[in-house]
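Sequence first, predicted model second:
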Amino acid sequence: MLSKYAIRVSTVGMRGLSNSAFASNTNYRTNLNVFNKKLCFINGGGVLIPKLQELRQMSSLADEIIKNKKQEDEKKKSDGGTNEGGAGEDPPKKKYEQMPKWQKWSYILSVIMMGGLTIANGVLFSLPDKDENDDDVIDDYSSLPFPSQYYQRLKSKIFATKKSIEEPFSDRLLPDPLEEPYIQPKYTICIELTGFLVHSTWSHKYGWRFQKRPGVDMLMHQLGYPNFELVVYTIENGMTFFNIIDGLDPENQCINYRLFRDATRFVNGHPTKDVNSLNRDPKRVIFIDWNKDSVGLAMNNALILPKWEGDNDDTSLIGLSQLLQAVKESDIDDVRDVLSYYKQFDDPIAVFRENQRKLQEETLAYEEKLKKETQTKSFSGFTGLSFMRKR
């Protein structure tokens with residue numbers, strides 16, 4: 001039989017265990033009196049002794065609560081580890097949230113408005129043109145019945161708009177050559193603007209900024225009128241880059257004409273320069289560009305040079321000026337013969353400079369040879385004259 005002190009120690013221990021078990025569960029809190037009421041005690045000589053069955057139940061309940069808590073802690077640790085390590089299963093997808101009614105109706109109204117505007121513009125575009133008296137202009141479709149004439153007119157205008165965008169604004173982009181007594185240069189130079197004469201950059205802070213290439217001013221005066229007919233022919237938009245050209249030639253003394261994207265022909269979705277639309281003899285036209293796609297319709301007349309990326313130590317324009325001046329002084333009848341030679345090189349200016357250096361060395365060597373031969377002849381003549389005098 002247990003002693004009085006042993007029974008008291010076991011009773012106090014069971015009370016602490018039960019209290020800690022119940023305190024771990026946040027949904028159940030109770031005080032010591034309620035706890036004692038739930039347990040059935042037996043009066044044994046003035047000492048409260050819990051029943052053995054109740055002790056077993058409380059022990060199993062405490063073990064179950066502790067076990068569940070350990071499982072939750074392990075699950076949290078495993079989830080945290082997988083999230084930190086980047087491995088494991090994908091996070092659960094968010095449940096589909098139903099779109100608010102106001103947002104749904106706003107989308108529906110936007111679609112209806114866009115459809116209505118498209119139909120209204122189509123109807124207005126299919127109406128016949130008006131003359132100065134506000135009367136309908138009779139065209140090829142006026143005699144057709146009501147539905148078909150509007151459909152055919154709309155179709156014709158759509159194709160005409162598409163053609164105006166994809167083809168040059170004229171078959172003769174430049175006016176006729178000047179006649180005497182005016183000076184018409186023999187050669188026409190069509191030079192690209194962006195990526196060759198200027199370098200453009202864009203940033204959120206400053207927007208578009210343009211950097212002028214070293215040697216541009218010298219090139220303008222070397223190639224400008226009356227030495228050449230200089231045309232700035234670019235695939236860019238004229239509204240943006242017209243002022244840039246004004247900055248290159250503020251007094252309009254060097255550049256004769258300016259052609260922009262509306263003067264190009266779209267080939268495979270890319271604006272392309274066409275030599276046959278210039279109204280000039282192709283044998284005397286030179287296109288200077290860095291993009292082969294931009295001169296796809298004038299490859300025989302193109303001088304493809306590397307693109308300028310903003311290097312301030314660049315000197316390519318000096319070599320280009322020397323090359324074109326050599327063409328002019330040579331009075332070449334068909335420039336395509338010269339361009340076909342330089343077409344096989346990635347950097348024609350470097351090749352031209354190397355050829356100039358070799359030619360200069362050969363010229364100096366030839367002059368030295370002639371000088372030596374002249375000195376030899378003069379020395380032999382002087383020796384013969386001296387010999388005759390002695391006799």
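Looks like it arrived, so ask away.

So which residues of the protein form strands?
Taking DSSP state E as the test, the strands found in the chain are 41-44, 47-50, 188-191, 198-203, 207-212, 229-233, 257-259, 265-267, 270-272, 285-289, 302-304.

Using TSV, please lay out the ones you listed together with mean pLDDT, mean neighbour count and distance to Q98.
Backbone N, C-alpha and C define where each C-beta goes, glycine included. Shown next, in TSV, are the strands of the chain (pLDDT from 0 to 100; neighbours: other Cβ atoms under 10 Å; distance: least, Cβ to Cβ, whole Å):
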stretch	mean pLDDT	mean neighbour count	distance to Q98
strand 41-44	46	11	58
strand 47-50	47	15	56
strand 188-191	97	25	61
strand 198-203	90	14	42
strand 207-212	89	12	43
strand 229-233	96	24	58
strand 257-259	96	18	57
strand 265-267	92	15	46
strand 270-272	94	16	46
strand 285-289	97	22	57
strand 302-304	96	22	59
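
quick one: which of these is nearest P175?
Distance to P175, taken as Cβ to Cβ, is lowest for strand 257-259 among the strands of the chain, at 8.3 Å.

Who are the packing partners of the closest one?
Helices and strands touching strand 257-259, by 3 or more Cβ pairs under 8 Å, 6 or more residues apart in numbering; DSSP states H and E, are strand 229-233, helix 238-248.

Okay, angle between the last one and strand 198-203 too, please.
Helix 238-248 runs at 120 degrees relative to strand 198-203, counting by axes from the mean of the first three to the mean of the last three Cα atoms, to 10 degrees.

Pull out the buried positions in helix 238-248.
F241, I244, I245, L248 (16 or more other Cβ atoms under 10 Å).

Nearest to V327, out of the strands of the chain?
Evaluated over the strands of the chain, closeness to V327 peaks at strand 285-289, with 7.7 Å, by Cβ to Cβ.

So in that sheet, which strands flank that closest one, and in what orientation?
Strand pairing for strand 285-289, using DSSP bridges, gives strand 188-191 (parallel), strand 302-304 (parallel).

Quote the end-to-end distance of stretch 252-271.
One end of stretch 252-271 sits 27 Å from the other (Cα to Cα, to the nearest Å).

got the contact list for that stretch?
165-170, 173-174, 190, 220-221, 223-225, 229-238, 241-242, 245, 248-249, 272-274, 277, 293-294, 296-297 (Cβ atoms under 8 Å, 6 or more residues apart in numbering).

Any idea which of the helices and strands packed on strand 257-259 gets closest to I286?
Going by Cβ to Cβ, the one of the helices and strands packed on strand 257-259 nearest I286 is strand 229-233, 10.2 Å.

hmm, back to that, possible to save the strands paired with strand 285-289 as JSON lines with distance to K343?
Output for the strands paired with strand 285-289, formatted as JSON lines (distance: least, Cβ to Cβ, whole Å):
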{"stretch": "strand 188-191", "distance to K343": "16"}
{"stretch": "strand 302-304", "distance to K343": "7"}
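
Ok, which of those comes nearest P282?
Nearest of those (Cβ to Cβ): strand 188-191, 9.7 Å.

So, low pLDDT: which residues of the stretch 1-150 of the chain?
1-59, 61-62, 77-96 (pLDDT under 70).

same thing but at 50, please
In the predicted model, the stretch 1-150 of the chain carries pLDDT under 50 at residues 1-49, 84-88.

Tell me who's in contact with the nearest residue to D331 once chain neighbours are set aside.
Sequence neighbours aside, K186 is the residue nearest to D331 in space, at 7.9 Å (criterion: Cβ to Cβ, 6 or more residues apart in numbering). With contact set as Cβ under 8 Å, 6+ apart, K186 has these partners: R284, K328, D331.

Give me the buried subset of these.
Buried members of the contacts of K186, counted by 16+ other Cβ under 10 Å: R284, K328.

Can you tell me which of the contacts of K186 is closest to Q152?
Among the contacts of K186, R284 lies closest to Q152 (Cβ to Cβ), at 44.7 Å.

Now do the closest one against L278, distance only.
Relative to L278, R284 is positioned 10 Å away (Cβ to Cβ, to the nearest Å).

ditto for K70
According to Cβ to Cβ, K70 and L278 sit 87 Å apart.

same check, this time on E64
For E64, the distance to L278 - Cβ to Cβ - is 94 Å.

Near the nearest residue to S170 once chain neighbours are set aside, how many other residues are there?
Once flanking residues are discounted, S170 sits nearest to S277: 7.4 Å by Cβ to Cβ, 6+ apart. Applying other Cβ atoms under 10 Å, we find 21 residues neighbouring S277.

now swap in I138 and tell me
For I138, using other Cβ under 10 Å, the count is 11.

so who does it touch?
By Cβ under 8 Å, 6+ apart, I138 lies in contact with P128.

for it, phi and psi?
phi -80, psi 130 (degrees, to the nearest 10).

sorry, back to before: does the residue nearest to S170 touch C190 like I think?
No: applying Cβ atoms under 8 Å as the test, S277 and C190 come out as separate, 11.2 Å apart.

tell me the domain ranges of the chain?
Annotated domains of the chain cover 4-77, 125-166, 188-344 [automatic domain parsing].

Determine which of these approaches L359 most closely.
L359 sits nearest to domain 188-344 of all the domains of the chain, at 10.3 Å, using Cβ to Cβ.

Just the terminal-to-terminal distance for the closest one.
End-to-end distance for domain 188-344: 22 Å, by Cα to Cα.

just how off-centre is that domain within its chain?
22 Å (Cα atoms, centre = their mean, to the nearest Å).

With stretch 339-348 instead?
So, by Cα atoms, centre = their mean, the centroid of stretch 339-348 is 28 Å from its chain's centroid.
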